[in-house]
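# using only what follows, build the 3D model:
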Amino acid sequence: MSDENLPFVAPCRQLAPTAPLRWLRLGWQDVRRAPGPSFAYGLLVVAVSWLVSLLAFRLGSYVLVLAALSGFVFVAPVTAIGLYEVARQVARGETPSIAAALRGTRRAVGNAMVFSLALLVVFLVWARAASVISIFLPIGANATAIEFATYFGIGSAVGLIFASITFSCSAFSLPMIDDRDTDAITALVTSINAVLRNKPAMLVWAAIIVAAVLVGFATAFLAFWVLIPLLGYATWHAYQETIDASAWPPAEG
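From the prediction side, this is the model:
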């Protein structure tokens, strides 16, 4: 099919609210089938998270650290693109490896970079917003519980807006970019459309992701060693189940 005849957005299927639980189960099966690449990838994310936090603390303050940790929500989708390729290898019955995943990922570099730049803009705006919000941080012995509640309430509300935008844009777009010969804009619009048409399931999925991120933070990122591969593979299965991208040719590479 020529580019002129391709639809503007890939159609999506309707999902049951419990669909994310099935994605997690399928994701865990992939982790068990490819433990080496999965845990190597997770360990890399843990190391990078430690490094970013250390640099943020050394170069700034605890406010900058909080902004950097919050920014994880915006950059994590891009870091998982290699996991989607591992999931493709598992689905094809191949022996998965990080080297093969990196080779396969090269074909999606162009569109992934466009998507990464969009997420970078969102992250930079959020970082700026986090700096502005810091003026509400109560300081001194006379700070009250109401003042702290106001600070965290404002920060949470602003963060929710940015996180919702990022989630809608990235829920299905990067797996589609890795799987099909398509452009970043088509994949992004497809993702937003699918999220809006499956709000109950997407709310459950978003809650699972937030809970996983919080567990990762609570364990000094150590839990990401397992959680990042699990969520990456689950996202791949979410895309496979939700998006009908058959109109686009499979990505080669």
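# where are the low-confidence patches of the protein?
1-4, 56-57, 59-79, 100, 103-110, 136, 138, 140-141, 143, 253 (pLDDT under 70).
# list the buried residues in the helix or strand where residue 162 lies.
Assigned by DSSP states H and E, residue 162 belongs to helix 145-170. Neighbour-count burial for helix 145-170, counted by 16 or more other CB atoms under 10 Å, picks out 151, 155, 158-159, 162-163, 165-170. Backbone N, C-alpha and C define where each C-beta goes, glycine included.
# please enumerate the helices of the stretch 101-250 of the chain.
109-133, 145-170, 173-179, 184-197, 199-218, 224-242 (DSSP state H, counting those that start in this stretch).
# can you check which of the ones you listed gets nearest to residue 17?
Closest to residue 17 of the helices of the stretch 101-250 of the chain, according to CB to CB: helix 199-218, at 4.2 Å.
# check which element follows the host helix or strand of residue 23 along the chain.
Taking DSSP H and E as the criterion, the element that holds residue 23 is helix 19-33. Reading on from helix 19-33 to the C-terminus, the next helix or strand found by DSSP H and E is helix 35-59.
# other SSEs contacting that next one?
helix 62-79, helix 81-91, helix 98-105, helix 224-242 (3 or more CB pairs under 8 Å, 6 or more residues apart in numbering; DSSP states H and E).
# now the nearest residue to residue 202 once chain neighbours are set aside: how far from residue 167?
Nearest residue to residue 202 in three dimensions, chain neighbours excluded: residue 195, at 4.9 Å (CB to CB, 6 or more residues apart in numbering). In this view, residue 195 and residue 167 are 7 Å apart by CB to CB, to the nearest Å.
# list just the nearest of the buried residues of helix 145-170 to residue 233.
residue 170 (15.6 Å).
# quick one: that closest one and residue 162, what's the gap?
Distance, residue 170 to residue 162, using CB to CB: 12 Å.
# with residue 147 instead?
23 Å.
# next, count neighbours for residue 120.
15 (other CB atoms under 10 Å).
# go ahead and confirm residue 225 touches residue 46.
Yes - Residue 225 is within contact range of residue 46, at 5.4 Å (criterion: CB atoms under 8 Å).
# picking up where we left off before, return every residue with contacts to both of residue 195 and residue 167.
By CB atoms under 8 Å, 6 or more residues apart in numbering, residue 195 and residue 167 have these common neighbours: residue 202.
# and stretch 36-49, which residues are buried?
37-38, 41-42, 44-46, 49.
# then stretch 86-100?
Residues 86-90, 96, 98, 100 are the ones in stretch 86-100 that count as buried (16+ other CB under 10 Å).
# who touches that stretch?
Taking CB under 8 Å, 6+ apart as the rule, stretch 86-100 contacts 30, 33-34, 36-38, 40-41, 82, 85, 101, 104, 178-179, 232-233, 236-237.
# quick check: ChimeraX command selecting the buried ones in the residues you listed.
The buried residues among the contacts of stretch 86-100 can be selected in ChimeraX (16+ other CB under 10 Å) with this line:
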select :30,33,34,37,38,41,82,85,101,104,178,179,232,233,236,237
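# need the residues that contact stretch 162-176.
10, 12, 73-74, 77-78, 80-81, 84, 112, 115, 118-119, 122, 125-126, 129, 182, 184, 187-188, 190-192, 194-196, 202, 205-206, 209, 235-236, 238-240, 242-243, 245.
# any of those buried? List them.
The neighbour count (16+ other CB under 10 Å) marks 10, 12, 73-74, 77-78, 80-81, 84, 112, 115, 118-119, 122, 126, 129, 182, 184, 187-188, 190-192, 194-195, 202, 205-206, 209, 235-236, 238-240, 242-243, 245 as buried among the contacts of stretch 162-176.
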